[in-house]
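Asks: here is a sequence together with a model predicted from it:
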Amino acid sequence: MTFKPVHINRPFRRWIGLALVATALAYLAAPHMAWSGPAPGASRQAVVAVNGMSCPFCAYGVKKHLSALPGVKNVQVELAKGEAIVEFSPEAKVTDEQIQKAVRAAGFTPGKIEWK
């Protein structure tokens, strides 16, 4: 059994070559591009380490107290990781101290807070 080669016309081959080169250049340039921060109007997130959580009721208490902070849109508590992810609206003016106070009010020890 023999196969007949497929003929691709010259303009189409040129277009494919340019597309591949453009894709390769974009891929190589991506890690070097500057990041200017979150887009305007985008929500902010705080990842809070919470020490001492051991059961779902612990996670519920932390979520309840963090949800009471001003401007909170969503709270996710990851019991296995020992952290809470708090999503704030863009105009919320919440400090690390307020977050730590909420975690302490739930009966736990706050750890490092990382803003994203």
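Replies: Alright, I've got the coordinates. Residues are numbered from 1 along each chain as shown.
Asks: what's next to stretch 71-84, contact-wise?
Replies: For stretch 71-84, contacts defined as CB atoms under 8 Å, 6 or more residues apart in numbering pick out 43, 47-51, 53, 55-56, 58-60, 62-63, 66-67, 85-89, 91-94, 103, 111. For the C-beta atoms, the positions are set from N, CA and C on the backbone; glycine is no exception.
Asks: what's the end-to-end length of it?
Replies: This stretch, stretch 71-84, spans 16 Å end to end (CA to CA, to the nearest Å).
Asks: please name the bridge partners of residue 114.
Replies: Judged by DSSP bridges, the bridge partners of residue 114 are residue 47.
Asks: gap between the residue nearest in space to the middle of the chain and residue 56?
Replies: Taking CA atoms, centre = their mean, the centroid of the chain lies closest to residue 116, which sits 6.8 Å from it. Using CB to CB, to the nearest Å, residue 116 is found at 25 Å from residue 56.
Asks: related to what we said a few turns ago, and the residue nearest to the centre of the chain, what does it touch?
Replies: Residue 116 makes contacts with 44-47, as judged by CB under 8 Å, 6+ apart.
Asks: out of the contacts of stretch 71-84, which sit inside helices?
Replies: 56, 58-60, 62-63, 66-67, 103 (DSSP state H).
Asks: could you look up the SS state of residue 23?
Replies: Secondary structure assignment for residue 23 (DSSP: H, G, I helix; E, B strand; the rest coil): helix.
Asks: in terms of pLDDT, where does it sit?
Replies: On pLDDT, residue 23 comes in at 73.
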